[in-house]
Each structure stands twice: as structure tokens, then as C-alpha cells.
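A.B. asks: here is my input; please provide its structure:
(one chain, ligands or ions: 1)
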Amino acid sequence: MLGIKDEYLQELMSKLSATGIFVVSGNNPANVMTSHWGAYGTFWGKPMFVLPVRQSRHSHGLIDAAHEFALSVARKDMSQAIHRCEHVSGRNLDKFAYCHLHPTPCRKINTSYVSDCGLHFECRVVFKTVMEGAQLFDLKIPDRYYKDKNYHTMFFAEILTAYED
Ligand SMILES: Cc1cc2nc3c(=O)[nH]c(=O)nc-3n(C[C@H](O)[C@H](O)[C@H](O)COP(=O)(O)O)c2cc1C
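C.D. replies: A predicted model of the protein is given here:
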């Protein structure tokens, strides 16, 4: 798709739903979170990834400030690191160290990728939209996911490059 190898995108989407992936943002220090949700497709003639991030996350502030993030897809069993990563916030903690993960500087954006993983995507946000409860037409969704009104922001990001490392 538009310069990004289909096999990489297929691996991204299958790991996203199966095990979750790592999302890295910021650089002083870089922070890492896990995500199980996302979508890719073509918008505005660009290959794009749509990342939903709840407004309470430390990563939300970092992505909102820098408009960049990296996705790292594990090619080996990293369930322990994923589990540790999804249960703490990096607001007051070096999550790379806490999860025994290793950051490597990205090639095109000013953050890092998780070098333990094997497959990486560098993304630049071009548009965001903040969810509002009043526009959720399937009424089971707010009951299940947004009782606390901690809505997602959908970050639409151009996939600048994808590579194995
Ligand atoms: C199954 C699962 C899926 C998750 N997916 C998302 C997601 O799509 N968006 C999100 O904001 N948080 C998601 N999280 C929660 C974050 O991974 C978690 O809160 C993380 O610690 C946030 O880190 P931060 O505060 O350092 O950014 C998920 C957690 C689990 C257990």
C-alpha cells in the first residue's frame, strides 16, 4: 500500500488484535504503551494508521505535543513485557526500564522504537478527532467502554516508513 509493504501491514494488524503492539512517543525520555486497537487505510492519498488513545494516558499528552509516534510489533513472545507495560503509566516512571525494553532512536521522527521487537512503523499525525459521548450511536459502547467518560482521541497518522530491525 503506497510504499508500505503489504506483508508488514498484515503482520501489524494480526499482532494488534492477537497480542497487542507497543506504541512509543516522546523523547525525554521516550514512553511506551500497549495498544490492541487501530486501523490502517488510505486517507488524503497517504498510507495512514489510526490510533485510539484515551485522554488520561501519558502517551496522549506526548503524541499531542509532538504529533509523532512509533509502532513496534513483537516477533517473539513478549507477553510479559506487554503485560507489565499495559498496567502502569509512564507519567512518573521509566517504562522502558520497568518493562525491560530497549529504545533505539527512530530514523525519521524524534522518538524511539522498541528494538527488542523486530518490525517497526514510524508515524506522523496529520489529523485528530476527539470522541464525544453524544455521537456514540451504539448505546452499548458507552456502557461498556466509557462509563468514566475517558474517551479516546483518534490520531490519524501518516506511516512514513516501515522496516525490520
Ligand atoms: C487489552 C488492552 C488494550 C489496550 N489498548 C489501549 C488503547 O487502544 N488505547 C489506550 O489509550 N490504552 C490502551 N490500553 C491501556 C494502556 O496500554 C495502558 O493504560 C498504558 O499503561 C498507558 O500508558 P501511559 O499512561 O504511560 O501512556 C490497553 C490496555 C489493555 C489491557
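A.B. asks: what residues sit buried inside the biggest helix by length in the chain?
C.D. replies: The longest helix of the chain (DSSP state H) is helix 6-18. Going by neighbour count (16 or more other Cβ atoms under 10 Å), the buried part of helix 6-18 is 8-9, 11-13, 15-16. All C-beta atoms are positioned from the backbone trio N, CA, C, and that covers glycine.
A.B. asks: which element follows it toward the C-terminus?
C.D. replies: strand 21-25 (DSSP states H and E).
A.B. asks: what angle sits between that next one and helix 6-18?
C.D. replies: Angle of strand 21-25 versus helix 6-18, following axes from the mean of the first three to the mean of the last three Cα atoms, to 10 degrees, is 100 degrees.
A.B. asks: packing partners of strand 21-25?
C.D. replies: strand 31-35, helix 58-66, strand 68-74, strand 112-114 (3 or more Cβ pairs under 8 Å, 6 or more residues apart in numbering; DSSP states H and E).
A.B. asks: buried set for that strand?
C.D. replies: Neighbour-count burial for strand 21-25 [16+ other Cβ under 10 Å]: 21-25.
A.B. asks: adjacent strands (with direction) for it?
C.D. replies: strand 31-35 (antiparallel), strand 68-74 (antiparallel) (DSSP bridges).
A.B. asks: quick one: the longest helix of the chain to chain centroid distance?
C.D. replies: 13 Å (Cα atoms, centre = their mean, to the nearest Å).
A.B. asks: same for that helix, what does it pack against?
C.D. replies: Against helix 6-18 (3+ Cβ pairs under 8 Å, 6+ apart) you get strand 39-43, strand 68-74, strand 118-130.
A.B. asks: okay, the helix or strand that the longest one is followed by in PDB with CA atoms only?
C.D. replies: Scanning forward in sequence from strand 118-130, with DSSP H and E defining helices and strands, the next element found is helix 140-145. Listed in PDB are the C-alpha atoms of helix 140-145, where the atom choice follows Å, rounded to 0.1, in the frame of the first residue of the first chain:
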ATOM      1  CA  LYS A 140     -23.800  -0.500  24.300                       C
ATOM      2  CA  ILE A 141     -20.400   1.100  23.600                       C
ATOM      3  CA  PRO A 142     -20.600   3.900  26.200                       C
ATOM      4  CA  ASP A 143     -21.900   1.500  28.800                       C
ATOM      5  CA  ARG A 144     -19.000  -0.900  28.200                       C
ATOM      6  CA  TYR A 145     -16.100   1.400  27.400                       C
END
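A.B. asks: and the contacts of helix 140-145?
C.D. replies: 133, 136 (Cβ atoms under 8 Å, 6 or more residues apart in numbering).
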